[in-house]
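J.: I would like to see how this sequence folds:
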Amino acid sequence: MMDIAWGSDEELTDKQFYNRISDIEFISGLLDSTRYGSSPTILLTGVRGVGKTVLMKKLKKDLGKDYLICYVNLTSSNTYQMGKLQRMDIIKIIYNELINSAEEKGLNTLNQKLKKIIRTQNIKIDKLLNFEGIPIPITSLEEDYPKLSEFVMNLPQKLYEEYSDEIKGVFIFFDEFQNIKDLDDEMDAFLWYLRSKVQSQKNVAYLFSGSMSLKDKLIEDIAGKEGAFGGRILTIEIKPFNYVTTKNYLENNASDLQFTKDGIKRFYNCTKGVPFYINIFAKLLPVNEKMNEEKIIKYFKKSLPILGTHLINQWGKLTYQEQRIITSLIDEPLKRVDIAKSLNVTSGSISHSLNSLQNKILIELNNGKYEITDSILKYWLKNYYKERKVYPYRSM
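T.: Coordinates of the predicted model:
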């Protein structure tokens, strides 16, 4: 029997949602304190594919009866997809998702929609027409960012106050929050603005989630001592499965797969306990065939282009220098000066590329040395080189 989700599935059955009971109970308990006017602010961290999004969707499903829950994905903006994310775009996403969530719950939002039009837009004169010597202004409405942001960020508390007989509070779930880095120089100001609104709302809880390791600078910008939410946000890391959990998960949810002792150990070493990789690799293995270490290695190499599809897509969009930085780190972590030496360039000339790769969560800085974040990318590059004697660089 094979009852495991594909890596891209975000809505899981209770059986597919495995071994996160303690995480769910802990986070649910924190969020549920909102009903008493003590709303938490939470930051969920963890490597890509560890299951943060499905955990948030599970929380939304479990708590949705009592609370108005707004799920905001920063990648849903067209401007983000074009690489032009701005503060206005984030505010608009929050408003649209909040109104949609309220309407799905049966709450009347007509008054709020009318107030938005009246309170957040300025009348703009586009041109003057002349009619028999009389100037006639042609006007249009123009959204005012300060007015719009104040209206939208105050709206969750207003909705609670208006419908406190029907809901016990409001939750705002931000997913893919690491993409706020696209705001560049405006990021810090926006984080501090968010904090100013969050701390003033007693019946609104905020849950931020993003693919970040605990070494990511964004965590320091959010939750560090000098960060926008320093001392006012609870950071929770969602960790990959350990060996025993991985083994038990496959026995319960993929009983048609058969492993020798060294086979299951190799499976775990290949996937590093990341549910996204566990699920995809398990789906690609043949059933009713004893998988020993040698067979797992063989199928793993064949599966790398599928396991690493998202990483390979990212690789193809990197600059030549970014790609060379990554390949310089395949064998071991390196200091910045050593990376520059391997590329035969100055240390200062790779600053932008290093920052870009860190923002893309492809490398991270650990104890003064840079290393590749995702082992699947490393495995794919190693295997590619072994087969072709060259790395897949783009032409210069």
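J.: And the contacts of the helix or strand where residue 151 lies?
T.: For residue 151, the enclosing helix or strand under DSSP states H and E is helix 145-162. Contacts to helix 145-162, defined as C-beta atoms under 8 Å, 6 or more residues apart in numbering, come from residues 68, 70, 87-88, 91-92, 94-95, 98, 102, 107, 112, 115-116, 119-122, 167, 169-170, 172, 193-194, 197, 200-204. Placement of C-beta: from N, CA and C, glycine included.
J.: buried ones in it?
T.: Neighbour counts over helix 145-162 (16 or more other C-beta atoms under 10 Å) mark 148-153, 155-160, 162 as buried.
J.: just stretch 227-235 next, same as before
T.: 227, 228, 229, 233, 235.
J.: now do stretch 85-97
T.: Applying 16+ other C-beta under 10 Å to stretch 85-97 flags 85, 86, 87, 89, 90, 91, 92, 93, 94, 95, 97 as buried.
J.: returning to that earlier point: export the helix holding residue 151 as PDB, just CAs?
T.: What follows is helix 145-162, C-alpha atoms only, in PDB (Å, rounded to 0.1, in the frame of the first residue of the first chain):
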ATOM      1  CA  TYR A 145      -0.200  53.900  -0.100                       C
ATOM      2  CA  PRO A 146      -0.100  55.300   3.400                       C
ATOM      3  CA  LYS A 147      -3.900  55.400   3.600                       C
ATOM      4  CA  LEU A 148      -4.300  52.000   2.100                       C
ATOM      5  CA  SER A 149      -1.700  50.300   4.400                       C
ATOM      6  CA  GLU A 150      -3.200  51.800   7.500                       C
ATOM      7  CA  PHE A 151      -6.700  50.700   6.500                       C
ATOM      8  CA  VAL A 152      -5.600  47.200   5.500                       C
ATOM      9  CA  MET A 153      -3.400  46.600   8.600                       C
ATOM     10  CA  ASN A 154      -6.200  47.800  10.900                       C
ATOM     11  CA  LEU A 155      -8.800  45.700   9.200                       C
ATOM     12  CA  PRO A 156      -8.200  42.400  11.000                       C
ATOM     13  CA  GLN A 157      -8.800  43.900  14.400                       C
ATOM     14  CA  LYS A 158     -11.900  45.800  13.000                       C
ATOM     15  CA  LEU A 159     -13.300  42.500  11.600                       C
ATOM     16  CA  TYR A 160     -12.900  40.800  15.000                       C
ATOM     17  CA  GLU A 161     -14.600  43.700  16.800                       C
ATOM     18  CA  GLU A 162     -17.500  43.700  14.300                       C
END
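J.: Could you find the closest non-adjacent residue to residue 248?
T.: residue 19 (7.8 Å; C-beta to C-beta, 6 or more residues apart in numbering).
J.: any chance of the buried residues of helix 145-162 in TSV, with distance to residue 60 and pLDDT too?
T.: What follows is these, written out as TSV (distance: C-beta to C-beta, whole Å; pLDDT from 0 to 100):
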residue	distance to residue 60	pLDDT
148	26	88
149	24	91
150	26	92
151	24	90
152	20	92
153	21	94
155	19	93
156	15	95
157	20	95
158	21	93
159	17	94
160	17	95
162	21	92
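J.: just the residues you listed now: which is nearest residue 300?
T.: Proximity of the buried residues of helix 145-162 to residue 300, judged by C-beta to C-beta, is greatest for residue 156, which lies at 45.9 Å.
J.: any idea how far residue 363 is from that closest one?
T.: Distance, residue 156 to residue 363, by C-beta to C-beta, to the nearest Å: 37 Å.
J.: again with residue 97
T.: 32 Å.
J.: which stretch of helix or strand covers residue 241?
T.: Counting by DSSP H and E, residue 241 is part of no helix or strand.
J.: Just say helix, strand or coil for the closest residue to it other than its chain neighbours.
T.: Excluding the flanking residues, the one nearest residue 241 by C-beta to C-beta, 6+ apart is residue 273, at 3.9 Å. Residue 273 carries the three-state label coil when classified by DSSP: H, G, I helix; E, B strand; the rest coil.
J.: can you pull out the strands in the stretch 201-350 of the chain?
T.: Ranges of strands within the stretch 201-350 of the chain are 204-209, 234-237, 258-259, 290-291, based on DSSP state E, counting those that start in this stretch.
J.: which strands and helices sit next to the first one?
T.: For strand 204-209, the packing partners by 3 or more C-beta pairs under 8 Å, 6 or more residues apart in numbering; DSSP states H and E come out as helix 21-32, strand 41-45, helix 52-63, helix 145-162, strand 170-175, helix 187-198.
J.: and the ones you listed, which is most packed in?
T.: strand 170-175 (a mean of 25; mean count of other C-beta atoms under 10 Å).
J.: contact partners of that strand?
T.: Contacts for strand 170-175 (C-beta under 8 Å, 6+ apart): 31, 34, 52-53, 56, 59-60, 63, 67-74, 94, 98, 156-157, 159-160, 203-210.
J.: That one pairs with which strands, parallel or anti?
T.: Within its sheet, strand 170-175 is paired with strand 68-73 (parallel), strand 204-209 (parallel), according to DSSP bridges.
J.: To residue 41, which of those lies closest?
T.: Across the strands paired with strand 170-175, closest to residue 41 is strand 204-209 (C-beta to C-beta), at 4.8 Å.
J.: With just CA atoms, put that closest one into CSV.
T.: Extracted as CSV, the C-alpha positions of strand 204-209 are listed here (Å, rounded to 0.1, in the frame of the first residue of the first chain):
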residue,chain,number,x,y,z
VAL,A,204,-5.1,39.1,15.8
ALA,A,205,-2.2,36.5,15.7
TYR,A,206,0.5,36.5,13.0
LEU,A,207,2.3,33.4,11.8
PHE,A,208,5.2,34.0,9.4
SER,A,209,6.8,31.1,7.6
